[in-house]
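1. give me a model of this one.
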Amino acid sequence: MEDYKPSVYTTVHKTDYGLTLFNTYSCGLLKITDKEAKRQIPTSTQIVPLLAAKESDYRQALIDHGFLVRTDVDEFALVKSRLYRSNYGTGSATITINTGLACNCRCTYCYEGEEHSARSVLTPEKASDIIAFIKSKFPPSTRLGL
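-> Residues are numbered from 1 along each chain as shown. Now for the predicted structure:
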C-alpha cells in the first residue's frame, strides 16, 4: 500500500453538523458529520489522524478528491505546472496582424507623407512570410484566432 500524506491545500471548517473539508487544488469538498468525526478522530478540529488513517472508510474518497496525496508528490510543483499550462498550454492562440499602416485620412498636418503609405502596405510576399512564421511557431493542432 502506498504512503499518503494530507494535502497542504486542504482546509478544514467546523460547522454545526461536523466538519467540511475543502481542497483548494482539486476543489474537492467533503462533509463529515460529528458522529463520523468522533468515530474517526479524537477531536473535531484535529483532521490529520483522519486523513492518515489507513483503515478509514473515507480513505479512497480522500485520495480521489485530493485530500490525501502520495508522500512523494510535490504539491507546489503541481500548482506551478497547472499555472504554466493555463497560461501557455491552452492549445489556442490569438494573433493580430496589422495588414498596413496606410492612412486614408489625408490630414494636412500629417508628417508621415505619402511615401509612408506606400511602404506600409502588406505585400503578398510579406503575407507568405507571416504564414510561414506562424506555421513554424505553432503546431497544427493549435486553434488560431486572427
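2. need the helix or strand of the protein with the lowest average pLDDT.
-> Least confident helix or strand, the chain: helix 48-52 with a mean of 48, by mean pLDDT, DSSP states H and E.
3. packing partners of the next helix or strand after it?
-> Using DSSP states H and E, the helix or strand that follows helix 48-52 in sequence is helix 59-64. With contacts taken as 3 or more CB pairs under 8 Å, 6 or more residues apart in numbering; DSSP states H and E, helix 59-64 sits against strand 68-70. (Glycine included, C-beta is placed from N, CA and C.)
4. which parts of the strand it packs on are buried?
-> 68, 69 (16 or more other CB atoms under 10 Å).
5. can you report phi and psi for residue 21?
-> Dihedral angles of residue 21 (phi, psi; degrees, to the nearest 10) stand at phi -110, psi 130.
6. which SSE is the residue nearest the centre of the chain in?
-> Nearest residue to the geometric centre of the chain (CA atoms, centre = their mean): residue 86, 3.9 Å. Using DSSP H and E, residue 86 sits within helix 75-88.
7. which parts of the following helix or strand past that helix are buried?
-> Where DSSP H and E defines the elements, the next helix or strand beyond helix 75-88 is strand 92-94. Of the residues in strand 92-94, none count as buried by neighbour count, 16+ other CB under 10 Å.
8. show me what strand 92-94 is packed against.
-> Looks like strand 92-94 contacts strand 143-145 (3+ CB pairs under 8 Å, 6+ apart).
9. excluding its backbone neighbours, what's nearest residue 2?
-> Excluding its sequence neighbours, the residue lying closest to residue 2 (CB to CB, 6 or more residues apart in numbering) is residue 70, at 5.6 Å.
10. what about the one you found, distance to residue 62?
-> The spacing between residue 70 and residue 62, counted by CB to CB, to the nearest Å, is 12 Å.
11. now do residue 18
-> Distance, residue 18 to residue 62, using CB to CB: 15 Å.
12. of the two, who's got more company?
-> residue 62 (25 against 16; other CB atoms under 10 Å).
13. ok, now how distant is the residue nearest to that one when sequence neighbours are not counted from residue 108?
-> Spatial nearest neighbour of residue 62, excluding adjacent residues (CB to CB, 6+ apart): residue 68 at 4.4 Å. Noted for residue 68: a distance of 74 Å to residue 108, by CB to CB.
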